[in-house]
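In: Give me the fold of what follows.
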Amino acid sequence: YFLTFNKENVDTTLLEQLYSEQTLNVRVKYPAGWKFIDQNNKGKLDGVTFWASAGNYNSPPYIHLEVKEKYLFSENRYQYSNEVNDFTVYYNEPEELSGQVSQEVYCRTESENDFSIKLIIRGKEQFKSFQPRFFGMIKSFKFGKTLF
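Out: Reported below is the predicted structural model:
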């Protein structure tokens with residue numbers, strides 16, 4: 001049930017809302033009807049959690065984006081990697097624990113911060129149906145300085 005991160009497996013069609021914040025200039029599109037709460041540490045973004053408020057899932061999925069310390073990164077912890085936008089994604093196959101399926105994608109950047117984006121959802125079938133949209137969110141992810 002595992003998809004690899006490539007352009008054929010990315011779905012951005014239902015990502016109609018835009019999250020943006022000023023301290024790290026983070027921007028990411030997320031599904032219509034979802035909510036979010038962001039966490040700040042000393043006036044700077046530490047993480048943000050997105051979740052489905054209603055929908056086609058009996059237990060709503062949620063996605064957590066977290067700012068990571070660059071020195072903690074270890075490439076050998078990951079099986080797969082791909083170039084996306086201005087960063088490299090590193091990831092493993094999804095993990096299942098007590099009926100919940102999760103997948104974390106580590107975004108290695110050339111800036112002062114790295115990021116991880118993690119999907120957690122109940123059930124393999126629901127994970128399978130949502131994974132392309134999760135990849136779409138990662139593809140829409142932007143950070144740092146911009147001229148636009």
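In: in the protein, what spans have low per-residue confidence?
Out: Applying pLDDT under 70 to the chain flags the ranges 1, 54-57, 145-148.
In: in it, which spans are strands?
Out: Remark: strands assigned in the chain by DSSP state E are 17-20, 27-30, 34-41, 44-52, 62-68, 80-84, 87-91, 95-97, 100-108, 114-122.
In: Tell me how far the first one lies from the chain's centre.
Out: Per C-alpha atoms, centre = their mean, to the nearest Å, the displacement of strand 17-20 from the mean C-alpha position of its chain is 13 Å.
In: if I pick residue 32, what's in contact with it?
Out: By C-beta atoms under 8 Å, 6 or more residues apart in numbering, the contact set of residue 32 is 14, 15, 16, 17. For every residue, glycine as well, the C-beta is placed using N, CA and C.
In: give me phi/psi at the first one?
Out: To tie it back to what came earlier, the one meant is residue 14. phi -100, psi 10 (degrees, to the nearest 10).
In: The residue nearest to the spatial centre of the chain and residue 133, how far apart?
Out: Closest to where the C-alpha atoms of the chain average out (C-alpha atoms, centre = their mean) is residue 117, at 3.1 Å. Relative to residue 133, residue 117 is positioned 12 Å away (C-beta to C-beta, to the nearest Å).
In: which among the contacts of residue 32 end up buried?
Out: Among these, those classed as buried by 16 or more other C-beta atoms under 10 Å are residue 15.
In: Between which two of the contacts of residue 32 is the distance greatest?
Out: Using C-beta to C-beta, those span at most 9.9 Å, a distance reached by 14 and 17.
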